[in-house]
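1. Build me a structure from this.
(4 chains)
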Protein chains: 4
Amino acid sequence: MIIVLKTGATPEQINHICEKVKELGLTPQVSRGVERTIIGVIGEEAKIRVQPLEVYPGVERVMPIQKPYKLASREFRPESTVFTMANGVKVGGDQIVVMAGPCAVEGADVLMRIAGEVKKAGAAFLRGGAFKPRTSPYSFQGLGEEGLKYLREAGDRFGLLVVTEVMDTRTVELVSKYADMLQIGARNMQNFDLLKEVGVSKKPVLLKRGLSSTIQELLLSAEYLLSKGNFKVMLCERGIRTFETATRNTVDINAVPVLKEQTHLPVLVDPSHGTGKREYVIAVARAAVAAGADGIMVEVHDNPEEAKSDGPQSLYPEQCADLVRQLRPIATAIGRSL
Amino acid sequence: MIIVLKTGATPEQINHICEKVKELGLTPQVSRGVERTIIGVIGEEAKIRVQPLEVYPGVERVMPIQKPYKLASREFRPESTVFTMANGVKVGGDQIVVMAGPCAVEGADVLMRIAGEVKKAGAAFLRGGAFKPRTSPYSFQGLGEEGLKYLREAGDRFGLLVVTEVMDTRTVELVSKYADMLQIGARNMQNFDLLKEVGVSKKPVLLKRGLSSTIQELLLSAEYLLSKGNFKVMLCERGIRTFETATRNTVDINAVPVLKEQTHLPVLVDPSHGTGKREYVIAVARAAVAAGADGIMVEVHDNPEEAKSDGPQSLYPEQCADLVRQLRPIATAIGRSL
Amino acid sequence: MIIVLKTGATPEQINHICEKVKELGLTPQVSRGVERTIIGVIGEEAKIRVQPLEVYPGVERVMPIQKPYKLASREFRPESTVFTMANGVKVGGDQIVVMAGPCAVEGADVLMRIAGEVKKAGAAFLRGGAFKPRTSPYSFQGLGEEGLKYLREAGDRFGLLVVTEVMDTRTVELVSKYADMLQIGARNMQNFDLLKEVGVSKKPVLLKRGLSSTIQELLLSAEYLLSKGNFKVMLCERGIRTFETATRNTVDINAVPVLKEQTHLPVLVDPSHGTGKREYVIAVARAAVAAGADGIMVEVHDNPEEAKSDGPQSLYPEQCADLVRQLRPIATAIGRSL
Amino acid sequence: MIIVLKTGATPEQINHICEKVKELGLTPQVSRGVERTIIGVIGEEAKIRVQPLEVYPGVERVMPIQKPYKLASREFRPESTVFTMANGVKVGGDQIVVMAGPCAVEGADVLMRIAGEVKKAGAAFLRGGAFKPRTSPYSFQGLGEEGLKYLREAGDRFGLLVVTEVMDTRTVELVSKYADMLQIGARNMQNFDLLKEVGVSKKPVLLKRGLSSTIQELLLSAEYLLSKGNFKVMLCERGIRTFETATRNTVDINAVPVLKEQTHLPVLVDPSHGTGKREYVIAVARAAVAAGADGIMVEVHDNPEEAKSDGPQSLYPEQCADLVRQLRPIATAIGRSL
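-> You can find the predicted model right below:
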């Protein structure tokens, strides 16, 4: 950590800060420049991060050197994390995983039909929301446990893994009973009680990046899961909020190589939420695989006219099959498979 | 609602959409332009909002005319909401309320000292976090129920109302036992289960705007509370996330007149989180009152060097007193009091 | 165009607006809803766009239906624009073009060396700035005409086309003398006098998207060029400004399919400025090609330690060769060549 | 400047960097931490800023300590800049200046009428565009020199100073002939050739912040002017681009105290462009004065129905008078006058 002092910092102020640094078991190193003095702090930065050094008299700015997360970093674990699901499917390995299904579970029959289609297309996971986070209280809020049952049935029938969102600390146990992977949605990325509860559950997790969360904040939220002993965490870039209104969100494609560099955790991209328009989903999915993503999550519906949410961004089943067909040569081009 | 059709939309497609609109008990009105045909939908827009019309063949775009929230709108309730707290303090009235206190409750003594100071300065509410949402799992997470007790004691001792954050559906009841007003933090603005639970509790609520939430989304989250019968809701602008890094967040001062126009609910501004730097807090607080805010929330600490969070943006007690002194003539200038 | 009236709009107000619409030679169509009345305007929307209807008494909102640009739209020209450069290289065709070179022209020798390297790697265009837009007045501002001469020499020696930035209306003629393609930089995307001057020049243009310009604004800036009769325009996505700080900018990968849908003009992606870090350039370049971009522009320097600008994002020559090697199978995978 | 090395940086790499630092006449100071080594650079940071240290082998990050601008900083000139216009009006002093007038100059009569009204309301400057930067090539582009003449006539008739935009290096001289103050618009804030030309002209300047420019970039653009010897520069916050769509832009009210702290230059706020809606202009203008702005610029039109641009955000003349009436007690409240 570097402490930059104000131009007129006094020797007393400098001493005061150095004393504090030593109290914490760290070593201060004072460096007097032409315009300013700076103090380097040698030692474990986490110790001093709890101390609000910015408020000390004479301090202008405090600049951290070390990353604030540990377990999620590549430095902690240089090799990429690969974890194996109950049915043997590997997440984070050479094979790129496809997760597909309706935005929301709307009924047993429609889900079963769609599940059959996405299986045929080549998906490994069935996605679908039983608990739906909806901006408006007047929108369809999901089928709850009934929806979870349908998901499990469809997953079992077609040999698909089930990934579904958990929104409330009180339902982590319930959702865990039915799902193979728990999804933490973008709006809950910093719902820290939920993160702790899901961390304790030890279930595989899909952690979605918040609409306006930085990559560092995403990794800190992952750290909540990892620090509870749950390392089966996949991160998901699903578009961030920017000024651009031509698409629902802006897929931060840079985040793929940045995450692959900074963390060992596998990375998924969701071009359905990332674009909000069916017409753009396949092109952006191709881009994600080309950039190095370990998987793709897309929304699929066989009758978007009747979809209870996110119809405009849902692929038709035949488009889902086409998506997989288009992703395969891209995967091959970068030495992976699908 | 206006449905804009694609340039080449066929008569069959147009009929299909009109049929659907009629099925919902609404009236379609077709208008053929030079380049495009559009269909106006007459009737209660909420009915058709559940229908994903964008996915119908031939549709290019769907443009809502009515606002998606109802109870929170000025149209629903033209006069401004004023609600009275247990001790008679009015929120939303002519008198501007000041909420002040430490970011986190750190101990009984320090809280008691700060409470005495903010009371003396002129605050009506004592703020302080017992449950803290922290970006990093390694940061101080709050004292929990112990902190709530200290808050209650300090509030009772100095005749201050207590406002504190609730983060988890499971602790709404607990926090309600001690607090006069429940705060829903920025990161939980779209934690819909929490909104429902707090709505049911009927406790006065301070609902903070999410870091990247639009004003409309803020009002939809308020609608969650109102639709559960809880109308004692104060909204809080606390800075949004932008590209600017000179301050921690960007206070959206425009939001004050926009909210005063669109909703009857009272509006608070939090310049401490909004700027992230003590030096800017008073100037922005003055701006907020001048713009028409019904209250100000600031962080105060008598020893920021030892504050467990947000030290750099906490005012010293004497600055808090100065803040109130500076706000008074501004309040008078716009015909209010403090 | 749709004119949405306020809830209490009077018949007189409605008449007043309808009269105005008729005066402009257009047809108003009034539609009375339950909550609101709306007026649809039939006819050429451009006529009414000059009229500030929002200010008419009784008007709440005005919603355009037609796009504000014409010549740049796919509707105007359904087939994709392909234009041929002096040496026969096609821009916008099946073959993906690579533009590479140093950020700034720093001297004759270094440029010649780099030009040789990028030619060998497979680039068709040599890029390099002679006039440099620099945030600070104290940064290197470019070699001016001397730099243009070096570019021309290097281009001629290696059979590379030259693309370079023009910043000032007064130097359009000068830059046109040396360059094959004029680049309008991100900071000048809305320098309208410059756009007009470059439009008149009829030189092929590379128009970079502004840091915070919407896709629609980019197309309107292109319209400035097209409306002067210059249709040899290539658009460039080079990263937008968002809250994320892990990379210099955020490449808006969605923009590629959006632009391919909305305009007939070819699209380039610049992953060097888009990421700001050499380590991420190749991954994002692969993504761009996979998403459908017609070309890639990258910065290359053989001694970034001595580069006068943008060293950290410049590829080494061997990385440039590797980039092309990695892009080829991606191009093949989507049915194109490179 | 602090150079943070990668975890595995070798002694050779460290030496290589230290040598480079010494070559530039600066002193490196190596500090070996537990996880990382850092090198502090003692001396004039500007010297090393030209050197792209990020690209040196072993370097992870380079963190500047000093500000990249000099003449614009408070440190360079601690007292606030106050400059006096031709007619004795002071900019940056205790008295808050109001600039008002139509968005564009549309004709002699209408301008004369509006000028009379804004004078009566209490404005010191008449604003109005003769050269208009318009997003679309099909929008009204301004009257050019004719408009400048009308401005001068109106200014002279009513004793108002004239401020108007200059967009092109080729017209700086022309505009300077008629105007008292040159405005550099948001879209041209980084049109560096224009900045240089206006710097040389020595005319008082109003420099508007770009839509997505940071405060630091604004100060660097000011530095372009100052470094050419022109210190009569007023900065203008006119709203930045964010995700919020309820208003045209988001006024960054924080920028007022930040600028007052970091620079000696006077600060203006433009709530017309900052909000884009007449209804919000007065509230935000009050906020700006309360926050410490040295002036306000607003658009005024006596017949917005016929305004050729920005009608919806233009105040009526009586509202302009009301604005000044409302600003006066706020100015008094903070110890200033208007």
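2. how close does the closest residue to A:E146 other than its chain neighbours get to chain B?
-> Once flanking residues are discounted, A:E146 sits nearest to A:A130: 7.6 Å by CB to CB, 6 or more residues apart in numbering or on different chains. C-betas here are computed from N, CA, C, even on glycine. A:A130 is 13 Å from chain B, where distance means CB to the nearest CB, to the nearest Å.
3. What count of nearby residues applies to A:A130?
-> For A:A130, the count of nearby residues is 26 (other CB atoms under 10 Å in any protein chain shown).
4. same check, this time on A:V200
-> With other CB under 10 Å as criterion, A:V200 counts 13.
5. Tell me which residues touch A:C236, please.
-> A:L206, A:L207, A:K208, A:R209, A:V267, A:L268, A:V269, A:D270, A:M297 (CB atoms under 8 Å, 6 or more residues apart in numbering or on different chains).
6. Can you get me the start-to-end distance on stretch A:115-135?
-> Using CA to CA, to the nearest Å, the gap from the first to the last residue of stretch A:115-135 comes to 27 Å.
7. Same check on stretch A:78-97?
-> 22 Å.
8. Strands along the stretch 201-338 of chain A, start to end?
-> Ranges of strands within the stretch 201-338 of chain A are A:205-208, A:233-237, A:267-269, A:295-299, based on DSSP state E, counting those that start in this stretch.
9. just so I know, which of those lies nearest C:L160?
-> Closest approach to C:L160 among those (CB to CB): strand A:267-269, 35.1 Å.
10. tell me which element A:V4 is part of?
-> According to DSSP states H and E, A:V4 maps onto strand A:2-5.
11. Oh, that last question was meant for A:T164, not what I typed.
-> Using DSSP H and E, the element containing A:T164 is strand A:161-165.
12. helices or strands next to the helix or strand immediately after that strand in the chain in the packing?
-> Next helix or strand after strand A:161-165 toward the C-terminus (DSSP H and E): helix A:172-178. The elements that helix A:172-178 packs onto, with contact taken as 3 or more CB pairs under 8 Å, 6 or more residues apart in numbering or on different chains; DSSP states H and E, are helix A:145-158, strand A:161-165, strand A:181-184, helix A:192-201.
13. returning to what we had before: list the buried ones in the strand holding A:T164?
-> Neighbour counts using 16 or more other CB atoms under 10 Å in any protein chain shown place A:L161, A:V162, A:V163, A:T164, A:E165 of strand A:161-165 among the buried residues.
14. Could you give the separation of that strand from the chain centroid?
-> Distance, stretch centre to chain centre, for strand A:161-165: 15 Å (CA atoms, centre = their mean, to the nearest Å).
15. could you say what helices and strands it packs with?
-> For strand A:161-165, the packing partners by 3+ CB pairs under 8 Å, 6+ apart come out as strand A:125-127, helix A:145-158, helix A:172-178, strand A:181-184.
16. Within the sheet, what are the partner strands of the shortest one, with directions?
-> Sheet pairing of strand A:125-127 (DSSP bridges) gives strand A:97-101 (parallel), strand A:161-165 (parallel).
17. For A:T135, give me the pLDDT.
-> With respect to pLDDT, A:T135 scores 88.
18. Now do the contacts for it.
-> B:P68, B:Q190, B:E217, B:L220.
19. For the third one, grab the count of nearby residues.
-> A count of nearby residues for B:E217, using other CB under 10 Å, gives 19.
20. Kindly report the same for the first one.
-> Counted with other CB under 10 Å, residues neighbouring B:P68 total 19.
21. Test my guess that it contacts B:L220.
-> Yes: shown here, B:P68 and B:L220 form a contact pair, counting by CB atoms under 8 Å, at 6.2 Å.
22. Overlap of the contact sets of these two?
-> A:T135, A:S136.
23. just to revisit the earlier point, so which of the contacts of A:T135 sit within helices?
-> Counted as lying in helices by DSSP state H, out of those, are B:E217, B:L220.
24. Let's have the contacts of A:T135 in TSV, adding distance to A:T81 and pLDDT.
-> Shown next, in TSV, are those (distance: CB to CB, whole Å; pLDDT from 0 to 100):
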residue	distance to A:T81	pLDDT
B:P68	41	87
B:Q190	29	96
B:E217	34	97
B:L220	37	96
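25. check the contacts of A:T135 against chain A, which are close?
-> Counting by CB under 8 Å from any CB of the partner chain, B:P68, B:Q190, B:E217, B:L220 from the contacts of A:T135 sit close to chain A.
26. Out of these, which comes closest to B:A288?
-> B:E217 (20.7 Å).
27. For that closest one, list the residues it contacts.
-> B:E217 touches A:T135, B:M189, B:Q190, B:G210, counting by CB under 8 Å, 6+ apart.
28. The longest helix along chain A near chain B at all?
-> In chain A, with assignment by DSSP H, the single longest helix is helix A:317-333. No: using CB under 8 Å from any CB, helix A:317-333 stays clear of chain B, coming no nearer than 12.5 Å.
29. Report the angle between that helix and helix C:317-333.
-> Counting by axes from the mean of the first three to the mean of the last three CA atoms, to 10 degrees, helix A:317-333 lies at 150 degrees to helix C:317-333.
30. Can you name every helix or strand that helix A:317-333 contacts?
-> Checking 3+ CB pairs under 8 Å, 6+ apart, helix A:317-333 ends up next to strand A:97-101, helix A:108-121, helix A:278-291, strand A:295-299, helix C:317-333.
31. Would you mark the buried spots in that helix?
-> Buried, per 16+ other CB under 10 Å, within helix A:317-333: A:317, A:319-321, A:323-324, A:326-331, A:333.
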